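Undergrad: output the structure for:
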Amino acid sequence: MLASAAVNILFASEMEKLQSWLPLLNAALPHDRITTDADEAIDVALVATPPKGILKKLGRVRLIQSLWMGVEGLLADPDYPKGVPLARLVDPGMVAAMSETVLAHVLDWHRRHNQYRVQQRNREWTRLTQYMASDRTIGLLGLGELGTDAARRLAPLGFNVVGWSRRPKQVEGVKCYTDLSAMLPQCNALVCLLPLTAQTRGILDQRCFSLLKPKSCVINLARGAHVVKADLLAALDSGQLSHAYLDVFEREPLPQDDALWAHPAVSITPHTAALTEPRTAVPKIVENVERARRGEAPLNRVDFEAGY
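TA: Predicted coordinates:
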């Protein structure tokens, strides 16, 4: 227990920039010390893609706080210090941004703007069939913070919303399933918001695509390894899928020669569906620093066996 003593806080990330975080952290934790020197006696480490070898230096750390919601990289790091609790960052700003991206892609597909963009390039003037939101069923893979928030924003627009999770869930306005094969045949669009685990790797595969309604849309905003790329391309080429919105890839940046770049039925964004927002994330980090100071367990503690 650190009682009221000052806390030494390490900031270690190759992706998140210290200058975006430091003024907010200093203002919120004025009596604590923020450092980038892992050789000091660190009490709490704030990490996202930490530099190689940093984790093995954290001998007496009380808490490792991820700066991201996804933690599979930290869990796979052989240098992760045994017995040290790891907390995911559930950032309200990032959750809101993810839901905005889900809505943007669903509406782009539903209103057929993806097809009208192709027509514009071809200087073609053809009105496509209009559908009502109630004609469409949107499936969500994952009903955690991200999936639940997205579902609550889709339902008021009139879409039928269904969702799948490993454990039984109840979300107002959403028909929830633990049997994926029972949910998929209902879906016109499928949104993946799952954590990446051994069980979810490759979940977007030929079997999954074949169970969706014909001409469905797939939106992957979770991790690239959820998709079996060859199966996705085959489903797009056969017409089983009409479009894929992809924000994440197994190799990032996506290589210039990757077939996904040029596919006419693929929309690509560079892992920008939802970025951590320091202005809304810092209060959540401060809460866990204070819990560490009091010797309490952190909020959003990762279950190492489940992988999230």
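
Undergrad: pretty sure residue 245 sits in a strand.
TA: Yes. According to DSSP: H, G, I helix; E, B strand; the rest coil, the state of residue 245 is that of a strand.

Undergrad: state the pLDDT value of it.
TA: If you check residue 245, the pLDDT there is 99.

Undergrad: who is it paired with across the strands?
TA: residue 219, residue 267 (DSSP bridges).

Undergrad: that one and residue 236 touch, don't they?
TA: No. Assessed by CB atoms under 8 Å, residue 245 is found out of contact with residue 236, at 11.8 Å. Bear in mind the C-beta positions are built from the backbone N, C-alpha and C, glycine included.

Undergrad: which helix runs longest in the protein?
TA: Taking DSSP state H as the criterion, the chain has its longest helix at helix 92-110.

Undergrad: which strands and helices sit next to it?
TA: Taking 3 or more CB pairs under 8 Å, 6 or more residues apart in numbering; DSSP states H and E as contact, the helices and strands that helix 92-110 lies on are helix 145-154, strand 189-192, strand 216-220, strand 241-246, helix 278-294.

Undergrad: can I get the ones you listed in JSON lines with distance to residue 264 and mean neighbour count?
TA: Below are those laid out as JSON lines (distance: least, CB to CB, whole Å; neighbours: other CB atoms under 10 Å):
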{"stretch": "helix 145-154", "distance to residue 264": "26", "mean neighbour count": "22"}
{"stretch": "strand 189-192", "distance to residue 264": "18", "mean neighbour count": "26"}
{"stretch": "strand 216-220", "distance to residue 264": "14", "mean neighbour count": "26"}
{"stretch": "strand 241-246", "distance to residue 264": "9", "mean neighbour count": "23"}
{"stretch": "helix 278-294", "distance to residue 264": "37", "mean neighbour count": "18"}
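
Undergrad: quick one: the ones you listed as TSV, columns for distance to residue 229 too.
TA: Below are the helices and strands packed on helix 92-110 laid out as TSV (distance: least, CB to CB, whole Å):
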stretch	distance to residue 229
helix 145-154	23
strand 189-192	14
strand 216-220	11
strand 241-246	9
helix 278-294	32
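
Undergrad: of the ones you listed, which is nearest residue 17?
TA: Counting by CB to CB, residue 17 lies closest to helix 278-294 out of those; the figure is 9.5 Å.

Undergrad: how far away from the center of its chain is the closest one?
TA: Taking CA atoms, centre = their mean, to the nearest Å, one finds the center of helix 278-294 at 21 Å from the center of the full chain.

Undergrad: ditto for stretch 134-143
TA: Distance, centroid of stretch 134-143 to centroid of chain: 17 Å (CA atoms, centre = their mean).

Undergrad: what average pLDDT does that stretch get?
TA: 98.

Undergrad: re the thing from before, pull up the overlap in contacts between residue 245 and residue 236.
TA: residue 266 (CB atoms under 8 Å, 6 or more residues apart in numbering).

Undergrad: quick one on the thing from earlier: in the longest helix of the chain, which residues are buried?
TA: 93-95, 97-99, 101-102, 105-106, 108-110 (16 or more other CB atoms under 10 Å).
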